[in-house]
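Q: 3D model of this:
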Amino acid sequence: MFITMVVIFVLGYIAIALEHPLKIDKAASALFIGVAVWVAYILGGEQILSNQSGAINGFMDYLKRFPDSTYIDFIAHHEILEHLAEISEILFFLLGAMTIVEIVDQHGGFEIITSKIKTTKKVKLLWILTIVTFFMSAVLDNLTTTIVMIALLRKLVGEQKDRWFFASMIVLAANAGGAFSPIGDVTTIMLWVKGQITTGPIIRDVFLPSIVAAIAPLALLSFTMKGKVQRPEIKETDEHEYTTTTFERNLIFFVGVGSLLFVPVFKTLTHLPPYMGMLLGLSILWITTELLHRKKSKNEKAKLVVVGVLRRVDTPTILFFLGILSAVAALQSAGHLSLLASWLDSVTNKNVYVINSAIGILSSVIDNVPLVAGAMGMYDLASVGQFTQDGIFWQLLAYCAGTGGSILIIGSAAGVAAMGLEKIDFIWYMKNISLLALLGYFAGIGTYWLMHYFHIVGV
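A: Sure, this is the predicted structure:
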């Protein structure tokens, strides 16, 4: 069953990649493997927990607390619930962020930004969106930033294939922007909270590699991309579907964006998970819209308050996240990821550049959160050398795990969100974006190596 789990995951992954030829929605495939991998795990649980050191350690700790338990109790009542808690944090965060963005969009709030962007030249627009995304991702996080920027993109680009390209470049920029900030990505937050990195050094040492990762593909595209984008047509029915005043649009925009920006502040002040801050922001925006539109007709109010807007939120994307993260969690629990990490360690002779480069590439296939968690478990903080706090290994891990996910569309939370929101084809992304992402990824690693080779910064 240990091998069967991998086979199920790979077959499901292929089904997701071939979503359009198979005409099976990726959310359905993801949910199937999310359940099937756990079924295989529990059916072969006794053998897996006996033979796999990556899984047995957790089981033995569990038996110390609950001596009369069986392997079924451990998998069904401990492992699944433990992973469900982590997955739920991401899902509630995503649901809150998508709802806030949808409310702002429904009120026409993004016109405040889109009205300032006049250019229709593809190259110029791409530079503007990339730079805005990069710095916004450092303040928010790459997932929220991607959701916001795609909402803006829909107001600026009408042609679907053009929008796919711009949305994909937004994913690259969001992942790169999140890599140098301690609050910009889930993995950097993990490293920051556990003490492997601190705020000042990670920004100082990883900022330049991150910006190179975002700019290198842009520089190449500046020579090859030509033409102008077609702005989306505004249908008359859309214009008069609802009426909001300038005051209402501005108020909802600033309350909505303020709620998103407040999330990292909330986490810092309260030490509660980010999704709690996101749900707090949603509740404030919910109350605001209820009070703001309380005197409007029932039909008009239904399109502008949260109850109505929730019907427009992309639920399949959330279910896709659930399935993918559940499947990866099963592989983590059964010890597959620990074996992978140990193998990496042995074949690279602990070369931190090779290890982290490989982890980054693997993060385009496997979620970067368990990969980083596995790396944190393999290596302890040292008092000196490359594994010390803010050492080369941890900083490069933050960069590689953050930006490597851009190589494939489902390699990062930002990519999965973009794929769901814009229905980006997996194969199309591989043909048109993956090489650009690889170029930026290795250019950033090279920049980091040069910085330390010439002792410009860092340890």
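Q: Report the buried residues of stretch 294-302.
A: Lys296, Lys301 (16 or more other C-beta atoms under 10 Å). In this view, the C-beta of every residue, glycine as well, is placed from N, C-alpha and C.
Q: Need the residues that contact stretch 208-218.
A: 126-127, 130, 134, 169, 172-173, 176-177, 179-180, 399, 402-403, 436-437, 439-441, 443-445, 447-448, 451 (C-beta atoms under 8 Å, 6 or more residues apart in numbering).
Q: again, 6 Å this time
A: Contacts to stretch 208-218, defined as C-beta atoms under 6 Å, 6 or more residues apart in numbering, come from residues 130, 134, 173, 176, 179-180, 399, 403, 436, 439-440, 443-444, 447-448.
Q: Equivalent analysis for stretch 219-232, please.
A: For stretch 219-232, the external contacting residues (C-beta under 6 Å, 6+ apart) are Thr120, Lys121, Lys122, Val123, Val157, Gly158, Glu159, Asp162.
Q: hang on, the fifth one packs against Phe165?
A: Right, the one you point to is Val157. No. With contacts counted by C-beta atoms under 6 Å, Val157 stays clear of Phe165, the gap being 8.8 Å.
Q: Leaving out sequence neighbours, find the closest residue to the spatially most central residue of the chain.
A: For the chain, the residue sitting closest to the mean C-alpha position, by C-alpha atoms, centre = their mean, is Ala413 at 2.1 Å. Nearest non-adjacent residue to Ala413, counting by C-beta to C-beta, 6 or more residues apart in numbering: Leu143, 4.4 Å away.
Q: For that neighbour, give me the pLDDT.
A: pLDDT, Leu143: 78.
Q: State the number of residues packed around it.
A: By other C-beta atoms under 10 Å, the residues close to Leu143 number 28.
Q: what does Thr270 give?
A: 11.
Q: Could you do Ser88 as well?
A: Ser88: 14 neighbours (other C-beta under 10 Å).
Q: element containing it?
A: If you go by DSSP states H and E, Ser88 is part of helix 80-106.
Q: Tell me who's in contact with the residue nearest to Ala413.
A: By C-beta under 6 Å, 6+ apart, Leu143 lies in contact with Ala413, Ala414, Ala417.
Q: hang on, it in a helix?
A: Yes. Leu143: assigned to a helix according to DSSP: H, G, I helix; E, B strand; the rest coil.
Q: before we move on, back to that, name the residues of the next helix or strand after the helix holding Ser88 that are buried.
A: Following helix 80-106 in sequence order, the next helix or strand is helix 111-114 (DSSP H and E). Within helix 111-114, the residues that count as buried by 16+ other C-beta under 10 Å are Glu111, Ile113, Thr114.
Q: Now tabulate those in TSV and tack on pLDDT and distance to Gly323.
A: Output for the buried residues of helix 111-114, formatted as TSV (pLDDT from 0 to 100; distance: C-beta to C-beta, whole Å):
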residue	pLDDT	distance to Gly323
Glu111	74	35
Ile113	74	33
Thr114	70	34
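Q: Now do Phe32 against Lys26, distance only.
A: Separation of Phe32 from Lys26 (C-beta to C-beta, to the nearest Å) stands at 11 Å.
Q: And these two? Which one has more around it.
A: For Phe32 versus Lys26, the count of surrounding residues by other C-beta under 10 Å is larger for Lys26: 27 against 17.
Q: show me what contacts that one?
A: Ile16, Glu19, Phe320.
Q: Skipping its backbone neighbours, what lies nearest Ile456 in space?
A: Leu450 (7.8 Å).
Q: What distance do you get for that neighbour to Ile359?
A: Relative to Ile359, Leu450 is positioned 20 Å away (C-beta to C-beta).
Q: Those two: who's more crowded?
A: Neighbour totals were compared for Leu450 and Ile359, and Ile359 leads with 23 against 12 (other C-beta under 10 Å).
Q: unless I'm mixing things up, Met419 is touching Leu408, no?
A: No. Using C-beta under 6 Å, Met419 is not in contact with Leu408; the gap is 10.0 Å.
Q: still on that earlier bit, who are the packing partners of the helix holding Ser88?
A: Judged by 3 or more C-beta pairs under 6 Å, 6 or more residues apart in numbering; DSSP states H and E, helix 80-106 is in contact with helix 142-156, helix 246-270, helix 274-292, helix 306-309, helix 315-334.
Q: Check what contacts the helix or strand following the first one and list those residues.
A: Meaning helix 142-156. Scanning forward in sequence from helix 142-156 by DSSP H and E, the next helix or strand is helix 160-179. With contact meaning C-beta under 6 Å, 6+ apart, helix 160-179 is reached by 130, 133-134, 137-138, 141-142, 145-146, 149-150, 153, 157, 184-185, 210, 213-214, 229, 398-399, 402-403, 405-406, 412, 414-415, 418, 422, 424, 433, 437.
Q: ok, Lys431 - how many residues close by?
A: Per other C-beta under 10 Å, the neighbour tally for Lys431 reads 10.
Q: let me redo that: Gly227
A: 10.
Q: Could I get the phi/psi values of it?
A: Dihedral angles phi and psi of Gly227 (degrees, to the nearest 10) take the values phi 100, psi -180.
Q: I'd assumed Pro182 was in a helix, is it?
A: No. Counting by three-state DSSP, Pro182 is not found in a helix; it is coil.
Q: Leaving out the residues flanking it, which one is nearest to it?
A: Closest to Pro182 by C-beta to C-beta, 6+ apart is Trp192, at 3.9 Å.
Q: Do you know the pLDDT at the one you found?
A: Here the pLDDT value assigned to Trp192 is 77.
Q: Secondary structure element holding it?
A: Per DSSP H and E: Trp192 is located in helix 186-194.
Q: in the following helix or strand past that helix, what counts as buried?
A: Using DSSP H and E, the next helix or strand after helix 186-194 towards the C-terminus is helix 199-224. Buried residues in helix 199-224, counted by 16+ other C-beta under 10 Å: 201-203, 205-218, 221.
Q: can you check stretch 306-313 too?
A: Using 16+ other C-beta under 10 Å as the test for burial, stretch 306-313 gives Val306, Gly308, Val309, Val313.
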